[in-house]
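Trainee: Kindly return the folded structure for what I paste below:
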Amino acid sequence: RHSLRIGRVSTILLVKSCGVSLLVVVALCPLQDPRLILPICLLRSWLMNSTLALSKSVLNDYVPKRHRAKWASLESVNTST
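Mentor: Next up is the predicted model:
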C-alpha cells in the first residue's frame, strides 16, 4: 500500500535502508542483552525479506518476456546471499 503513494522502487529503497540501519544499531549496541538484540534482529530480517515480491514485480515489468527466466534465476541467487 505504501508503494502506491511513493512508488515501488522508493519503497524498496526505504525498507532496505531501515534494515541496514538496524544492522548498524545491532553492531554498535554496547549492550549485548538478548532481550534487546533479538527483536531488532527479527525486525531487520523481516524488513530485508519483505520487499522480495515487490522487487520481483519491478524486475518483471522491465525485463522482456524472453529474458525473464534468466533474470529470475539471477535474482534468486541474489536473495539467497
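Trainee: right, and residue 63 touches residue 73 too?
Mentor: No. Residue 63 is beyond contact range of residue 73, at 11.8 Å (criterion: CB atoms under 8 Å). Any C-beta I mention is one placed from the backbone N, CA and C, and that applies to glycine too.
Trainee: For the residue most central in space within the chain, which non-adjacent residue is closest in space?
Mentor: Centroid-nearest residue in the chain: residue 48, 3.2 Å away (criterion: CA atoms, centre = their mean). Excluding the flanking residues, the one nearest residue 48 by CB to CB, 6 or more residues apart in numbering is residue 19, at 4.2 Å.
Trainee: So which elements touch the strand or helix carrying the one you found?
Mentor: If you go by DSSP states H and E, residue 19 is part of helix 8-28. Helices and strands touching helix 8-28, by 3 or more CB pairs under 8 Å, 6 or more residues apart in numbering; DSSP states H and E, are helix 2-6, helix 34-49, helix 52-62.
Trainee: centre of the chain versus it, how much separation?
Mentor: Distance of helix 8-28 from the chain centroid (CA atoms, centre = their mean, to the nearest Å) equals 8 Å.
Trainee: how far off helix 34-49 does that helix point, in degrees?
Mentor: 160 degrees (axes from the mean of the first three to the mean of the last three CA atoms, to 10 degrees).
Trainee: Keeping just the C-alphas, turn helix 8-28 into PDB.
Mentor: The C-alpha coordinates for helix 8-28 follow below in PDB (Å, rounded to 0.1, in the frame of the first residue of the first chain):
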ATOM      1  CA  ARG A   8       7.700   0.600  -5.700                       C
ATOM      2  CA  VAL A   9      11.400   1.300  -6.100                       C
ATOM      3  CA  SER A  10      11.300   4.100  -3.500                       C
ATOM      4  CA  THR A  11       9.500   1.700  -1.100                       C
ATOM      5  CA  ILE A  12      12.200  -0.900  -1.600                       C
ATOM      6  CA  LEU A  13      15.000   1.600  -1.000                       C
ATOM      7  CA  LEU A  14      13.300   2.900   2.100                       C
ATOM      8  CA  VAL A  15      12.700  -0.500   3.700                       C
ATOM      9  CA  LYS A  16      16.100  -1.800   2.800                       C
ATOM     10  CA  SER A  17      17.700   1.400   4.300                       C
ATOM     11  CA  CYS A  18      15.800   0.800   7.500                       C
ATOM     12  CA  GLY A  19      17.000  -2.800   7.600                       C
ATOM     13  CA  VAL A  20      20.600  -1.700   7.100                       C
ATOM     14  CA  SER A  21      20.300   0.900   9.800                       C
ATOM     15  CA  LEU A  22      19.000  -1.700  12.200                       C
ATOM     16  CA  LEU A  23      22.100  -3.800  11.400                       C
ATOM     17  CA  VAL A  24      24.300  -0.900  12.300                       C
ATOM     18  CA  VAL A  25      22.300  -0.500  15.600                       C
ATOM     19  CA  VAL A  26      23.000  -4.100  16.400                       C
ATOM     20  CA  ALA A  27      26.700  -3.800  15.500                       C
ATOM     21  CA  LEU A  28      27.200  -0.700  17.600                       C
END
